[in-house]
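> Predicted model follows, preceded by the sequence.
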Amino acid sequence: MRRRLLLTAVLASLTVSALAQEQKKTVRDRLQGRWGRTNHPHSFEVRGLKWFHYTANYPFKPTETGDIEYPPEKDYAIVKTAKGYVWWLFPAGDNALAAEVFNADGSIDDNADGRVFYRDGTRIP
C-alpha cells in the first residue's frame, strides 16, 4: 500500500511538472515550425526571428521572407514581410495558430482574411 501511495505521488508530481513546463513555453517557442492548411496554396515557416512564405508551386523555395517581433508579455507575434505586408500570428494550441494579414497601409488584406494554420505533421481537419 505504501508503495502505491509513493508511486501515485511521484506520478502526480511529474504530471504537474509537465503542465508547468508547457505553460512556461514562450510565444516564440510555440510558433516555431512549418505551418499549412489542407488544399491551401500557401504555407510558411517560423525559424527564430525569421519567417518564410511558400506557395504550392515552390514548396521548397521561399517566395517571401520577413522578420518577426515578439512583443514582451503579449501572446502573439508580428511579422513584417519584405513586400510590406504585416502578419499577426496567434498561438492556438500546440499544433494550430491563427493568422491575420494586413496590407502595408494597415488595412486588412481582402485576399488573406484571418485563417487557422496547422503544424506540418499533425492531423488537419
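In hand now; what should we look at?

> Next up, identify which helix or strand the residue nearest to Tyr85 when sequence neighbours are not counted is on.
Nearest residue to Tyr85, sequence neighbours excluded (C-beta to C-beta, 6 or more residues apart in numbering): Val101, at 6.0 Å. C-beta coordinates here come from the backbone N, C-alpha and C atoms, glycine included. Using DSSP states H and E, Val101 maps to strand 96-102.

> which helices and strands sit right next to that strand?
strand 86-91, strand 115-119 (3 or more C-beta pairs under 8 Å, 6 or more residues apart in numbering; DSSP states H and E).

> Let's have those in JSON lines, adding mean pLDDT, distance to Lys25 and mean neighbour count.
Formatted as JSON lines, those follow (pLDDT from 0 to 100; distance: least, C-beta to C-beta, whole Å; neighbours: other C-beta atoms under 10 Å):
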{"stretch": "strand 86-91", "mean pLDDT": "96", "distance to Lys25": "9", "mean neighbour count": "18"}
{"stretch": "strand 115-119", "mean pLDDT": "94", "distance to Lys25": "14", "mean neighbour count": "18"}
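
> Ok, which of the ones you listed comes nearest Ser107?
Of all the helices and strands packed on strand 96-102, it is strand 86-91 that lies closest to Ser107, at 10.4 Å by C-beta to C-beta.

> Report the contact partners of the spatially most central residue of the chain.
Geometric centre of the chain, nearest residue: Leu31, 3.0 Å, by C-alpha atoms, centre = their mean. Residues near Leu31 by C-beta atoms under 8 Å, 6 or more residues apart in numbering: 46, 68, 77, 89, 91, 97.

> give me the element the closest residue to it other than its chain neighbours is part of.
Excluding the flanking residues, the one nearest Leu31 by C-beta to C-beta, 6+ apart is Val46, at 4.7 Å. Per DSSP H and E: Val46 is located in strand 42-47.
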